[in-house]
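>>> model this:
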Amino acid sequence: MSEHEADPVAADGADQRSLINTRWQRTLEVLSVIGPPLTVATALLVYFGWARTDAQAKSMGLDVSLFGYTVQDFILRSIQSLFQPLAWLVVIGLLWLMLDRAVAKLMETARHRDSIRRTATAVMLLGFAYAAVMWVAIVTQPERVLLYVPYLIATGLVVGAWGLSVRRRAVPPAGRTLRITPRGLERSLIFVLVTLLLFWGTSDYAQALGRGAALDYQERSALLPTAVVYSKARLAVTAPNVREVSAGTEAEPLYRYTGLRLLVVSGGRIFLLNDGWTLAAGRVVVLPDDGSVRVEYGNAAAD
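Numbers count the residues shown, from 1 in each chain. Here you go, the predicted model:
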């Protein structure tokens, strides 16, 4: 055997290392694709919970900072409302991947490439045109809050970008021209724009749900747990329908307050609503949760 003849064992080792490197490269590509959506989803959950709670607090005459909610609290308060939209987003993403794979399989046959390229061109133009029309609808009506329109703009951009990608892939390698703009930069810009639109739409939707939650408290305040407050010091609560009764003696004064409903206990504070609470005339009673007062809670259904 000549010393210049290739060594089969060395060749197999090189092929194996090349295969491992290829797998690692694909793994890193998958992680780079999966990572940003997970980060965006977490940020959306936190922001959604904050925006929803902020709008609800403002409708009730409060500031969200009074509640002392943590990041975990905001996420938990947003999951119930965002669970179905996120589930639909995952389902749509899976369907899109299946469609993209089917289109890629059709492009393996040369006779389908022309029709796929024409269809992809139409999809690209329609997607970008739809996003532009929705954008004009928002710009021309700045005083109105158009729910879901930012989501529709993001959808148009994603559909248009996918049509552009399919159109490029449908061009035979011999007919492709030199790329001037890096594809990575183009995808990054689209990703950033779609992310901003998701935050925008989430803010509008969250604020609408927050205002709806405040209105729901007005209509269903009688279903909240009852609260009876005992305090050695007179609290002088002046909220409507709240009754003060002296339950102690001159030597050991004790005051009892009834006609209150529990809103939430958070941030070292107890938030109470008066019976018959309304957005226009209701009051929110805030007490320290430090042992200076004693509160007895009861089932509203038992009243």
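
>>> drop to CA atoms for contacts and neighbour counts, all remaining ones
Will do.

>>> The spatially most central residue of the chain: what's it in contact with?
Geometric centre of the chain, nearest residue: L44, 3.3 Å, by CA atoms, centre = their mean. Each residue near L44 by CA atoms under 8 Å, 6 or more residues apart in numbering is listed here: 199, 202.

>>> Which strand or helix spans it?
helix 8-59 (DSSP states H and E).

>>> in the helix or strand following that helix, what counts as buried?
Once the chain leaves helix 8-59, the next helix or strand it forms, by DSSP H and E, is helix 71-106. Buried residues in helix 71-106, counted by 16 or more other CA atoms under 10 Å: 74-75, 77-79, 81-82, 103-104.

>>> go on, stretch 57-75?
Neighbour-count burial for stretch 57-75 [16+ other CA under 10 Å]: 57, 59-60, 64, 67, 69, 74-75.

>>> quick check, nearest of these to L287?
F67 (11.7 Å; CA to CA).

>>> I figured the closest one hits V286, correct?
No. Using CA atoms under 8 Å, F67 is not in contact with V286; the gap is 10.0 Å.

>>> Check the contact lists of these two and give me the overlap.
R269.

>>> In three-state terms, label E108 for me.
For E108, the assignment made with DSSP: H, G, I helix; E, B strand; the rest coil gives coil.

>>> Look up phi and psi at it.
Main-chain dihedrals, E108, degrees, to the nearest 10: phi -70, psi -20.

>>> What's the local residue count around it?
E108 is flanked by 11 other residues according to other CA atoms under 10 Å.

>>> what are the ranges of the strands in the stretch 151-300 of the chain?
226-231, 243-246, 255-266, 269-274, 284-288, 293-298 (DSSP state E, counting those that start in this stretch).

>>> May I have the first one exported as CSV, CA atoms only?
What follows is the C-alpha trace of strand 226-231 in CSV, where atoms were taken according to Å, rounded to 0.1, in the frame of the first residue of the first chain:
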residue,chain,number,x,y,z
THR,A,226,-66.9,39.0,53.6
ALA,A,227,-64.4,40.7,56.0
VAL,A,228,-65.0,41.8,59.6
VAL,A,229,-62.1,44.0,60.9
TYR,A,230,-61.2,44.3,64.6
SER,A,231,-58.9,47.1,65.7
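
>>> what sits up against it?
For strand 226-231, using CA under 8 Å, 6+ apart, the contacting residues are 254-262, 272, 292-300.
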